[in-house]
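*Asks:* I need the structure of the sequence given here:
(one chain, ligands or ions: 2)
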Amino acid sequence: MATTSISSATSLNNLTPASSTLQKNFIPSSAHLSFSHSSISLQKLSVHTTNFNNPISRGSSIFNVLKTAQHSDLASSARDSDPVIKSQKPTILVSEKLGEAGLDLLRSFGNVECLYSLSPEDLCSKIGECDALIVRSGTKVTRQVFEAAKGRLKVVGRAGVGIDNVDLQAATEFGCLVVNAPTANTIAAAEHGIALLAGMARNVAQADASMKAGKWQRNKYVGVSLVGKTLAVMGFGKVGSEVARRAKGLGMHVIAHDPYAPADRARAIGVDLVSFDEAISTADFVSLHMPLTPTTNKVFNDATFAKMKKGVRIINVARGGVIDEDALVRALDSGIVAQAALDVFTEEPPSKDSKLVQHENVTVTPHLGASTKEAQEGVAVEIAEAVVGALRGELSATAVNAPMVPPEVLSELAPYVTLAEKLGRLAVQLVAGGSGIQSVKVGYKSARDPDNLDTRLLRAMITKGIIEPISDAHINLVNADFIAKQKGLRISEERVYVNSSPENPVESIQVQISNVQSKFASALSDNGNISIEGKVKYGIPHLTRVGSFSVDVSLEGNLILCRQVDQPGMIGQVGNILGERNVNVSFMSVGRTVKRTKAIMAIGVDEEPDKETLKKIGEVPAIDEFVFLDL
Ligand SMILES: NC(=O)C1=CN([C@@H]2O[C@H](COP(=O)(O)OP(=O)(O)OC[C@H]3O[C@@H](n4cnc5c(N)ncnc54)[C@H](O)[C@@H]3O)[C@@H](O)[C@H]2O)C=CC1
Ligand SMILES: O=C(O)C(=O)COP(=O)(O)O
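*Replies:* Residues are numbered from 1 along each chain as shown. Ligands and ions are numbered 1, 2, ... in the order given. You can find the predicted model right below:
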């Protein structure tokens, strides 16, 4: 068997079970294990919040909503006709002007509040009532906003590209998905870049102001030609490449700098990708199209202006922060930079007496790059779809702080997602003591090529299954790795190749917890780890191995695991005890290692047996140990 180790998270420990109850003990489904460290108590098995499509569903994480997403049409018609369900519509706060088509779409799904001039304080006091927030570039979605949301805010939609106004780290820590609308304003931004380029070269804005002031200054406003000039496009992404394409049409020689852009995409439109220094030192015009990141912050500064050709002209429709604005004023004053055309500023709006804005060689617009009717309608629909999808629990194609899982992968993995969560929940309930849950090993048996099996979703669900029952954390795909790391839980994954049908993404999933004692000693494998394994059979998750015993029970409802002497009559005895108490057995499976020695009985029960019933099972002489588990 070939194995591939595929990931691990940081180690530590703080999930420390205090009790170490062993033989003949049981875990009832409510509050029995307490965890000494970090005051985590077991059994948060019931679930949080509302699912907007299915009010009776148990939860609203990205994952469990996945299941209901498929029924969304049915659910939404039911929701609209039922006043109780209607009141559970999500509240969507729109804090900046959004196109009507997007608002209509949002209104068809939730209660939409458009409040366009909220102060940061107002936003913080309002946000606790909102499930989603839609912003443009003018709203700062800070850590304070996520804190003030108190866990209710599920998604922030950025109606545009740049997400530098959203604290992504805080969003991730709070399990809040951030989505953007990355494509609908590309052309608008590129056209605005070209407008600024041409307008600046011919002094359109200055000449217009001069004429309106009653002057006729034909000699003062002699411009420069574009044809034959070199334009350096800094950031060859969506907007940059569209600017490049248009500039080529104007007869310019276009070069570009982008450390991450594929050279063949640039070559396809006749653009050479060059180094940063080559780009800025050879260009007559420099047009900025990179995002604002810690690396690009003030990347245009005294040192870089000094490397530019004297008389260079600069266009910025990206983000003000990529330019050191004081340095630009100095470069304009010294003549290194002949002109600048700026749509974006470090602080927006800039102060009224900003030297940059007032500079006679600078043309400014108030962040209008995305402001065309077409782009605004497009962006509004794009973000509304993304936000509604996220509220329904669908994974978004434009998620900024979560893995983007394509729908086809999602539907294929759906049954395994449930299996993964159940195995996590089951494994953690078997823990009784030891040095805390620090290390979890997950093994995926699969016939798939490792590159063809995306396990992030499954890992997140195992994490959810392990952590949610023992903490207050609400885990989803956004924050699973972060919370695991925060709780000192190291999850390592191993892919094991098995010769089976590659049609099934996963043959089986094994979850092992190391260095712990178990409530059910038979769940320990030879290496001393709690070890359980499961498979999906006919679309239903099954438990197929406990420690070194094979079993086969579907993971539904509640489960009793017993280890007993392998002898006739055991099933009948336990079955009778349950039957007398009207506890319905949904399935039963017996697994053993050697005939007539020890065996494990896995019994699925629809109802939770009371303590007396469980005690009676424990008193059956041939039963060595048993445990009750809530799945
Ligand atoms: N003024 C406005 O209203 C608008 C502004 N924008 C801004 O324009 C910028 C570009 O947007 P898109 O093209 O849609 O994004 P994009 O993600 O498609 O392109 C950005 C490109 O910058 C590159 N890049 C990243 N770091 C870089 C670095 N250090 N040096 C050079 N290149 C680097 C990336 O590889 C990527 O190819 C963003 O900052 C966005 O916020 C976008 C739309 C409207
Ligand atoms: O999409 C972007 O990155 C933009 O800068 C557009 O900003 P806006 O939505 O017009 O505030």
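*Asks:* Find the helix or strand that residue 340 is a member of.
*Replies:* Secondary structure from DSSP states H and E places residue 340 in strand 337-342.
*Asks:* hmm, that strand in reach of ligand 1?
*Replies:* No. Applying Cβ under 6 Å from any ligand atom, one finds strand 337-342 separated from ligand 1 by no less than 9.7 Å. In this view, the C-beta of every residue, glycine as well, is placed from N, C-alpha and C.
*Asks:* Tell me the bridge partners for residue 92.
*Replies:* Beta-bridge partners for residue 92, by DSSP bridges, are residue 112, residue 132.
*Asks:* who's in contact with it?
*Replies:* By Cβ atoms under 8 Å, 6 or more residues apart in numbering, residue 92 lies in contact with 106, 109-113, 130-134, 387, 391.
*Asks:* before we move on, back to that, by contact count, what packs against the strand holding residue 340?
*Replies:* Packing contacts for strand 337-342, counted by 3 or more Cβ pairs under 8 Å, 6 or more residues apart in numbering; DSSP states H and E, involve helix 186-201, strand 312-316, helix 325-334, strand 362-364.
*Asks:* try it again with 10 Å
*Replies:* For strand 337-342, the packing partners by 3 or more Cβ pairs under 10 Å, 6 or more residues apart in numbering; DSSP states H and E come out as helix 186-201, strand 285-288, strand 312-316, helix 325-334, helix 355-358, strand 362-364.
*Asks:* closest one to residue 526 among the ones you listed?
*Replies:* Among these, the nearest to residue 526 by Cβ to Cβ is helix 186-201 (57.9 Å).
*Asks:* State the mean pLDDT of the closest one.
*Replies:* Mean pLDDT, helix 186-201: 98.
*Asks:* Distance to ligand 2 and mean neighbour count added to the helices and strands packed on strand 337-342, as TSV?
*Replies:* Shown next, in TSV, are the helices and strands packed on strand 337-342 (distance: least, Cβ to the nearest ligand atom, whole Å; neighbours: other Cβ atoms under 10 Å):
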stretch	distance to ligand 2	mean neighbour count
helix 186-201	7	22
strand 285-288	12	26
strand 312-316	11	26
helix 325-334	17	18
helix 355-358	18	16
strand 362-364	15	20
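*Asks:* mind putting these in CSV, distance to residue 546 included?
*Replies:* Output for those, formatted as CSV (distance: least, Cβ to Cβ, whole Å):
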stretch, distance to residue 546
helix 186-201, 54
strand 285-288, 60
strand 312-316, 62
helix 325-334, 65
helix 355-358, 69
strand 362-364, 69
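*Asks:* closest to residue 119 out of these?
*Replies:* Relative to residue 119, the nearest member of those by Cβ to Cβ is helix 355-358, separated by 23.8 Å.
*Asks:* Which of the contacts of residue 92 has the largest number of neighbours?
*Replies:* Per-residue neighbour counts (other Cβ atoms under 10 Å) across the contacts of residue 92 peak at residue 387, which has 32 neighbours.
*Asks:* The helix or strand hosting it: which residues count as buried?
*Replies:* Assigned by DSSP H and E, residue 387 belongs to helix 373-391. Neighbour-count burial for helix 373-391, counted by 16 or more other Cβ atoms under 10 Å, picks out 375-391.
*Asks:* Please name every helix or strand in contact with that helix.
*Replies:* In terms of contacts (3+ Cβ pairs under 10 Å, 6+ apart), helix 373-391 is packed against helix 62-69, strand 91-94, helix 100-107, strand 132-135, strand 155-158, strand 177-180, helix 186-201.
*Asks:* Could I have the CA atoms of the last one written out in PDB?
*Replies:* Taking Å, rounded to 0.1, in the frame of the first residue of the first chain, the C-alpha atoms of helix 186-201 are listed here in PDB:
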ATOM      1  CA  THR A 186     -13.000  44.800 -14.600                       C
ATOM      2  CA  ILE A 187     -13.800  46.600 -17.800                       C
ATOM      3  CA  ALA A 188     -15.100  49.700 -16.100                       C
ATOM      4  CA  ALA A 189     -11.800  50.000 -14.100                       C
ATOM      5  CA  ALA A 190      -9.800  49.400 -17.300                       C
ATOM      6  CA  GLU A 191     -11.700  52.000 -19.200                       C
ATOM      7  CA  HIS A 192     -11.300  54.500 -16.400                       C
ATOM      8  CA  GLY A 193      -7.500  53.800 -16.500                       C
ATOM      9  CA  ILE A 194      -7.500  54.500 -20.200                       C
ATOM     10  CA  ALA A 195      -9.600  57.600 -19.700                       C
ATOM     11  CA  LEU A 196      -7.200  59.000 -17.100                       C
ATOM     12  CA  LEU A 197      -4.200  58.100 -19.300                       C
ATOM     13  CA  ALA A 198      -5.600  59.900 -22.300                       C
ATOM     14  CA  GLY A 199      -7.100  62.700 -20.300                       C
ATOM     15  CA  MET A 200      -3.800  63.300 -18.500                       C
ATOM     16  CA  ALA A 201      -1.700  63.200 -21.600                       C
END
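*Asks:* Would you mind giving the orientation angle of that helix with respect to strand 312-316?
*Replies:* Put simply, helix 186-201 runs at 150 degrees to strand 312-316, going by axes from the mean of the first three to the mean of the last three Cα atoms, to 10 degrees.
*Asks:* from the contacts of residue 92, which single one is nearest residue 531?
*Replies:* Of all the contacts of residue 92, residue 391 has the smallest distance to residue 531: 37.9 Å, by Cβ to Cβ.
*Asks:* which residues touch the residue nearest the centre of the chain?
*Replies:* Among the residues of the chain, the one closest to the centroid is residue 402, at 2.1 Å (Cα atoms, centre = their mean). By Cβ atoms under 10 Å, 6 or more residues apart in numbering, residue 402 lies in contact with 62, 171-172, 175-179, 390, 395-396, 456, 460, 476-480.
*Asks:* Noted, bye for now.
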